[in-house]
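Participant: output the structure for:
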Amino acid sequence: MDDTLVRRELKLAWRDSVSLDAEIGNFILEAKDGTFLVVRWLPGTLDEVEVPDHYGCVFAGLKIRAAFHTHPTPFPLGLEEPSPDDLLAIRDD
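Facilitator: You can find the predicted model right below:
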């Protein structure tokens, strides 16, 4: 996905994650006109974030095209890749 807004929001999420010591997550939604919107979740804790309720890959009436969240704890204490729980959440969506 090559989109200026999405790139900016990825950078902002990482910046905020480090400054808040919290996982930051976002949905990337596709609007009816084909443009993308980024909706930030409530900040989590140092090692988890709660994904907002959504059903059938739809949030606020729009298609979820991607979701992401940060892992602010540096390696080796934290994970640099998706955790097993992250992978299960994606599989079960």
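Participant: C-alpha only now, for contacts and for neighbours.
Facilitator: Fine.
Participant: give me the number of residues near Phe36?
Facilitator: 20 (other C-alpha atoms under 10 Å).
Participant: repeat that for Glu48.
Facilitator: Neighbours of Glu48 using other C-alpha under 10 Å come to 18.
Participant: now do Gly34
Facilitator: Using other C-alpha under 10 Å, Gly34 is surrounded by 8 other residues.
Participant: any stretches of this structure with poor pLDDT?
Facilitator: 1-2, 74-79, 90-93 (pLDDT under 70).
Participant: show me which helix runs longest in it.
Facilitator: helix 4-20 (DSSP state H).
Participant: now that one: how far from the chain's centre is it?
Facilitator: Using C-alpha atoms, centre = their mean, to the nearest Å, the mean C-alpha position of helix 4-20 is found 10 Å from that of the whole chain.
Participant: now name the helix or strand holding Asp86.
Facilitator: helix 84-91 (DSSP states H and E).
Participant: Ala13: what's it in contact with?
Facilitator: The contact partners of Ala13, by C-alpha atoms under 8 Å, 6 or more residues apart in numbering, come to Ile24, Gly25, His69, Thr70.
Participant: and the last one, how close does it get to Glu9?
Facilitator: Just to be clear, that refers to Thr70. Thr70 is 12 Å from Glu9, where distance means C-alpha to C-alpha, to the nearest Å.
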